[in-house]
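Peer 1: Could you work out the structure for the sequence below:
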Amino acid sequence: MPKSDENLRGVVHGDVIQLETDIGLPDGQEVTVSVRPLAVKRDGSDGLRRSAGTWADDPDGLDAYLEENRRVRQLDRPDIEQ
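Peer 2: You can find the predicted model right below:
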């Protein structure tokens, strides 16, 4: 069981915080939580990931959408005469 002043790490999923380690408390136990966000590592892809919206976690879905978009655009284009 953690000490009362121990810092624990976790990840936020909606209104749930999933801790990295088991803290040994029974399910349903009430606790007091103090939250301090960790610094976000910026690797240059953060803005791109945020702009991808729901496709950030579904690259296959994005690929399928883009391929279908390309296919449909080709249907409406006349052939280029040389």
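Peer 1: rest of the way, CA atoms for contacts and neighbours
Peer 2: Noted.
Peer 1: Residues contacting the least confident helix or strand in the chain by mean pLDDT, please?
Peer 2: Lowest on mean pLDDT, DSSP states H and E among the helices and strands of the chain sits helix 46-51, with a mean of 74. Helix 46-51 is contacted from outside by Ala56, using C-alpha atoms under 8 Å, 6 or more residues apart in numbering.
Peer 1: So what's the gap between that helix and the chain middle?
Peer 2: Chain-centre distance of helix 46-51: 10 Å, with C-alpha atoms, centre = their mean, to the nearest Å.
Peer 1: Can you tell me how far the residue nearest the centre of the chain is from Arg49?
Peer 2: With the centre of the chain defined as its mean C-alpha position, the nearest residue by C-alpha atoms, centre = their mean is Asp57, 6.0 Å away. Asp57 sits 9 Å away from Arg49, going by C-alpha to C-alpha, to the nearest Å.
Peer 1: Pop out the phi and psi values for the residue nearest to the centre of the chain.
Peer 2: Backbone torsions of Asp57, given as degrees, to the nearest 10, read phi -100, psi 10.
Peer 1: Who are the contact partners of it?
Peer 2: For Asp57, no contacting residues are found, by C-alpha under 8 Å, 6+ apart.
Peer 1: coming back round to it: now do the buried residues in the following helix or strand past the least confident helix or strand of the chain.
Peer 2: The C-terminal neighbour of helix 46-51 among helices and strands, as given by DSSP states H and E, is helix 59-75. Residues of helix 59-75 classed as buried by neighbour count (16 or more other C-alpha atoms under 10 Å): none.
Peer 1: and helix 59-75, how far from the chain's centre?
Peer 2: Distance, centroid of helix 59-75 to centroid of chain: 23 Å (C-alpha atoms, centre = their mean).
Peer 1: same check, this time on stretch 44-60
Peer 2: Distance of stretch 44-60 from its chain centroid, counting by C-alpha atoms, centre = their mean, is 8 Å.
Peer 1: Repeat that for stretch 16-27.
Peer 2: A distance of 20 Å separates the centroid of the chain from that of stretch 16-27, by C-alpha atoms, centre = their mean.
Peer 1: Tabulate the CA atom coordinates of that stretch in PDB.
Peer 2: Provided in PDB are the C-alpha atoms of stretch 16-27 (Å, rounded to 0.1, in the frame of the first residue of the first chain):
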ATOM      1  CA  VAL A  16     -10.900   8.100 -15.000                       C
ATOM      2  CA  ILE A  17      -7.300   8.200 -13.900                       C
ATOM      3  CA  GLN A  18      -5.500   4.800 -14.600                       C
ATOM      4  CA  LEU A  19      -2.600   4.400 -12.300                       C
ATOM      5  CA  GLU A  20       0.600   2.700 -13.500                       C
ATOM      6  CA  THR A  21       0.900   0.500 -10.400                       C
ATOM      7  CA  ASP A  22      -1.600  -1.400  -8.200                       C
ATOM      8  CA  ILE A  23      -2.000   0.600  -5.000                       C
ATOM      9  CA  GLY A  24      -3.500  -2.200  -2.900                       C
ATOM     10  CA  LEU A  25      -6.800  -0.500  -2.100                       C
ATOM     11  CA  PRO A  26     -10.100  -2.400  -2.400                       C
ATOM     12  CA  ASP A  27     -12.400  -1.500  -5.300                       C
END
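Peer 1: Thank you, goodbye.
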